[in-house]
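*Asks:* Can you look at this prediction? I've put the sequence above it.
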Amino acid sequence: MKPPDSRNNKCFALVWREWYVFGPGLLFVVSGPSGAGKDTLVDALRARMPRLRYSVSATTREARPGEREGEHYFFLARAEFERRRASRGFLEWREYNGNFYGTPRDFVERTLTQGYDLIMKPEVNGALSIKGTFPDAVLIFLLPDRFSHLRARLLARRTETNEEIARRLAIAHEEVKFIRSFDYIVINEERRSEEAVRDLHSILQAEKFRIHRFSDDSLRKMEDS
Ligand code: 5GP
């Protein structure tokens with residue numbers, strides 16, 4: 001899409017803004033241990049930012065009560081997941097707690113090219129591998145204020161057995177070791193999740209206006225104006 005010619009436009013700021021909007025979308029990756037609150041916070045963030053697109057992952061795990069195909073996940077049989085993986089259908093994929101999870105490639109590439117900002121919430125290794133493919137992606141690590149809250153939250157949602165919860169907590173201990181590779185940390189404090197949503201929102205907003213997000217061409221036009 002061709003950006004507007006702003007030379008003679010009185011409404012300068014608005015036009016520069018349009019220049020920006022016509023660029024490729026930004027990719028936000030919210031990761032962190034299971035039970036940190038990724039699902040709840042990202043849902044709340046999307047309600048605040050209706051233009052923000054969400055990348056629905058594929059998984060081989062069973063749907064939990066209330067989870068819907070194509071909304072929470074694409075639920076695939078193992079053979080189908082493997083077929084798509086072999087045909088490079090995933091940008092990244094991981095085995096987590098005995099199940100496969102993967103980020104569908106086409107949707108992400110198409111959405112960013114169309115200029116929409118996109119958010120996803122893979123586990124930590126997936127987040128790092130996304131950063132390898134998209135070095136401009138913004139990686140946000142979500143943590144509870146206390147590690148013990150992870151267990152409490154996993155118990156409260158009653159979707160995993162005790163053994164599964166124990167395995168998820170063991171994985172969580174490994175995941176926090178990668179925290180320094182992330183761009184931001186957001187703490188999801190108990191009973192104050194609206195503050196964490198506000199923090200996520202601030203990060204997304206600020207990232208949009210970073211100087212390196214503007215194309216060289218648009219910066220030059222601003223300089224020459
Ligand atoms: P759950 O079974 O609780 O929905 O997800 C288990 C873990 O897999 C969570 O940490 C979740 O963020 C992660 N996950 C979900 N989708 C993907 C994905 O596409 N790729 C990767 N690497 N992890 C994912």
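*Replies:* Done, it's in.
*Asks:* Close to the ligand: what parts of this protein are there?
*Replies:* When proximity is defined as C-beta under 6 Å from any ligand atom, the chain approaches the ligand at 34, 38, 57, 61, 92, 94, 96, 101-103, 121-123, 126. C-betas here are computed from N, CA, C, even on glycine.
*Asks:* could you redo the last one with a cut-off of 5 Å?
*Replies:* Residues of the chain found near the ligand (C-beta under 5 Å from any ligand atom) are 34, 57, 94, 96, 101, 103, 121-123, 126.
*Asks:* possible to save these as CSV with neighbour count and secondary structure?
*Replies:* Formatted as CSV, these follow (neighbours: other C-beta atoms under 10 Å; DSSP: H, G, I helix; E, B strand; the rest coil):
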residue, neighbour count, secondary structure
S34, 21, coil
S57, 20, coil
R94, 16, strand
Y96, 19, strand
Y101, 21, strand
T103, 24, strand
K121, 22, coil
P122, 24, coil
E123, 19, coil
G126, 23, helix
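*Asks:* got a markdown table for those, with pLDDT too?
*Replies:* What follows is the residues of the chain next to the ligand, written out as a markdown table (pLDDT from 0 to 100):
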| residue | pLDDT |
| --- | --- |
| S34 | 89 |
| S57 | 98 |
| R94 | 97 |
| Y96 | 94 |
| Y101 | 98 |
| T103 | 98 |
| K121 | 98 |
| P122 | 97 |
| E123 | 96 |
| G126 | 97 |
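*Asks:* Looking at the residues you listed, spot the one nearest R51.
*Replies:* K121 (18.0 Å; C-beta to C-beta).
*Asks:* so what's that closest one up against?
*Replies:* 29-31, 38-39, 42 (C-beta atoms under 8 Å, 6 or more residues apart in numbering).
*Asks:* Restricted to buried residues, select those in PyMOL.
*Replies:* In PyMOL, this line selects whichever of these come out buried by 16 or more other C-beta atoms under 10 Å:
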select buried, resi 29+30+31+38+42
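*Asks:* Could you export the contacts of K121 as a markdown table, including distance to E189?
*Replies:* Formatted as a markdown table, those follow (distance: C-beta to C-beta, whole Å):
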| residue | distance to E189 |
| --- | --- |
| V29 | 21 |
| V30 | 16 |
| S31 | 18 |
| K38 | 15 |
| D39 | 17 |
| V42 | 17 |
